[in-house]
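*Asks:* Turn this into a structure:
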Amino acid sequence: MQRILGLDYGTKTVGVAVTDGLGLTAQGLEIIRREKPKKLRQTLARIRELIAEYDVGSIVLGKPLNMNGSSGFRVEDTLVFKELLEEKTGLPVYLEDERLTTVDAYSIMEEVGIKKADQKKYVDEIAAVLILESYLHRNEADQL
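*Replies:* Prediction:
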């Protein structure tokens, strides 16, 4: 069974998570950082490396909807990134609502005792885990 890669796409970072071999749980992998928002060549190259390393068969990308469910400029940027991912990886890319994942990520870090000064280092990776877990749970419920 191929794994699923979860991505939290931001202006200068991409949080990355991956499922276990059975597709039941999500684990954080890393945060891919870039100097400029539109410079994606190295980001896409690193994602392709992770796809090969973890035998990934599909990608889940967080869709940053507004709290009222409407789409803003961040959704437009994400859709452009989705098209690039599909083109450069040849894999299907599914969108998953990511509302409140960053808030939840900070709450989780607070609960486990990560110092506030260090939380910025991990938030995108944890958000990617939450996006991927949401996708897994939603698809599991659809199969019941």
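*Asks:* Look up how far V129 lies from I108.
*Replies:* 9 Å (C-beta to C-beta, to the nearest Å). In short, each C-beta sits where N, CA and C put it, glycine included.
*Asks:* Those two: who's more crowded?
*Replies:* Each of I108 and V129 had its neighbours counted (other C-beta atoms under 10 Å), and the higher figure belongs to V129 (24 against 17).
*Asks:* pLDDT wise, what is the more buried one at?
*Replies:* pLDDT recorded at V129 is 94.
*Asks:* And for K116?
*Replies:* The confidence metric pLDDT takes the value 86 at K116.
*Asks:* quick one: it and M109, what's the gap?
*Replies:* Distance, K116 to M109, using C-beta to C-beta: 9 Å.
*Asks:* list the contacts for D104?
*Replies:* 127, 130 (C-beta atoms under 8 Å, 6 or more residues apart in numbering).
*Asks:* Which positions within stretch 22-29 qualify as buried?
*Replies:* Counting neighbours by 16 or more other C-beta atoms under 10 Å, one finds that the buried residues in stretch 22-29 are 23, 26, 28-29.
*Asks:* Any regions of the chain where pLDDT drops low?
*Replies:* Flagging of the chain using pLDDT under 70 yields the residue ranges 141-144.
*Asks:* mind redoing it with 90?
*Replies:* Flagging of the chain using pLDDT under 90 yields the residue ranges 1, 11, 23, 35-39, 64-75, 97-124, 126, 138-144.
*Asks:* Could you tell me which helix of it is the longest one?
*Replies:* With DSSP state H applied, the helix covering the greatest number of residues in the chain is identified as helix 123-143.
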